[in-house]
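Student: Task: produce atomic coordinates for the following.
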Amino acid sequence: GKVLLDTQYGTNEPAIEGGNTQVVGMKDIQDGKVLTADLTCSNLQDAERERYLLHRGDLLINRTNSYDLVGKVGIFTSEDEVAFASYLVRLTVDRSQACPEYLNFWLNGYVAQTVIKRIATRAISQANVNPTEFKKHCLVPLPDLPEQTAIASRLSTWDIAIGKAELLIVAKEQQKKSLMQSLLIGKRRIK
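Tutor: Model prediction:
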């Protein structure tokens, strides 16, 4: 709780086609990122809209979901004007103490996710993380800011490399599938 300036629940406004504000939901937090490609919309009044708009470096934690998916965390890196839904909690990082990118990587790691799952309260088909309990029990190791930035930068570089390798694997699998198909239908022959 000491590295956060604020925690805030998202908007309760229902999704509506043609709404005036794009809204991030649970499905939009993937692999530590807040995706903004395929968002729903809501109608928000101006004051409410300002209150719920995300800012670059904000973290979102999925506070309500199945036990397996509760506690997903993503960082908002877009310049788009996007709000967030009520089952998400915005974590506003005190940048004088913590680098948001570092905190995002740490919160998506094994130790933090184990703590989050431990403090999640279970119901019949869902689990819930209380932001007060989260701030109380989710302790973060904090090297100095330049070290946090260096760690986040290194991990980001590895994420990019892993993403490229995954794309290459998919391309090779498609190539293999195509070649096998060509061989099976007799379009190509092995000499």
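Student: On the three-state scheme, residue 89 is what?
Tutor: At residue 89 the chain is in strand, as set by DSSP: H, G, I helix; E, B strand; the rest coil.
Student: What's the local residue count around it?
Tutor: Using other CB atoms under 10 Å, residue 89 has 22 neighbouring residues. From N, CA and C alone the C-beta is placed, and that goes for glycine too.
Student: For residue 7, which three-state class applies?
Tutor: strand.
Student: As a check, name the ranges of all helices in this structure.
Tutor: 46-52, 100-107, 110-119, 131-137, 145-184 (DSSP state H).
Student: looking at those helices, which is buried most?
Tutor: helix 100-107 (a mean of 23; mean count of other CB atoms under 10 Å).
Student: what does that helix rub up against?
Tutor: By CB atoms under 8 Å, 6 or more residues apart in numbering, the residues outside helix 100-107 that reach it are 3, 32, 57-59, 61, 73-75, 91, 93, 112-113, 116, 138, 140-141, 148-149, 151-153, 155-156.
Student: Identify the residues contacting the residue nearest to residue 5 when sequence neighbours are not counted.
Tutor: With sequence-adjacent residues excluded and distances taken as CB to CB, 6 or more residues apart in numbering, residue 5 is closest to residue 92, at 4.5 Å. Residues in contact with residue 92 (CB under 8 Å, 6+ apart) are 4-8, 58.
Student: any chance of those residues in CSV, plus pLDDT?
Tutor: Shown next, in CSV, are the contacts of residue 92 (pLDDT from 0 to 100):
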residue, pLDDT
4, 92
5, 90
6, 90
7, 91
8, 92
58, 96
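Student: Any chance of a ChimeraX selection covering the buried ones in those residues?
Tutor: Those of those that count as buried under 16 or more other CB atoms under 10 Å are selected in ChimeraX with:
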select :4,7,58
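Student: how close does residue 94 get to residue 149?
Tutor: 15 Å (CB to CB, to the nearest Å).
Student: now do residue 122
Tutor: 37 Å.
Student: got the CA positions of stretch 118-137 in PDB?
Tutor: Extracted as PDB, the C-alpha positions of stretch 118-137 are listed here (Å, rounded to 0.1, in the frame of the first residue of the first chain):
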ATOM      1  CA  ARG A 118      -4.300 -16.500  -1.000                       C
ATOM      2  CA  ILE A 119      -6.100 -13.300   0.000                       C
ATOM      3  CA  ALA A 120      -8.900 -13.800  -2.600                       C
ATOM      4  CA  THR A 121     -12.200 -14.700  -1.000                       C
ATOM      5  CA  ARG A 122     -14.000 -17.500  -2.900                       C
ATOM      6  CA  ALA A 123     -17.700 -17.700  -3.700                       C
ATOM      7  CA  ILE A 124     -19.500 -20.400  -5.600                       C
ATOM      8  CA  SER A 125     -18.200 -19.600  -9.100                       C
ATOM      9  CA  GLN A 126     -16.100 -16.500  -8.500                       C
ATOM     10  CA  ALA A 127     -13.400 -15.100  -6.300                       C
ATOM     11  CA  ASN A 128     -12.800 -11.500  -5.200                       C
ATOM     12  CA  VAL A 129      -9.800  -9.500  -4.200                       C
ATOM     13  CA  ASN A 130     -10.400  -6.700  -1.700                       C
ATOM     14  CA  PRO A 131      -8.100  -3.700  -2.500                       C
ATOM     15  CA  THR A 132      -7.500  -3.000   1.200                       C
ATOM     16  CA  GLU A 133      -6.400  -6.600   1.900                       C
ATOM     17  CA  PHE A 134      -4.300  -6.500  -1.300                       C
ATOM     18  CA  LYS A 135      -2.500  -3.300  -0.200                       C
ATOM     19  CA  LYS A 136      -2.000  -4.800   3.300                       C
ATOM     20  CA  HIS A 137      -0.600  -8.200   2.300                       C
END
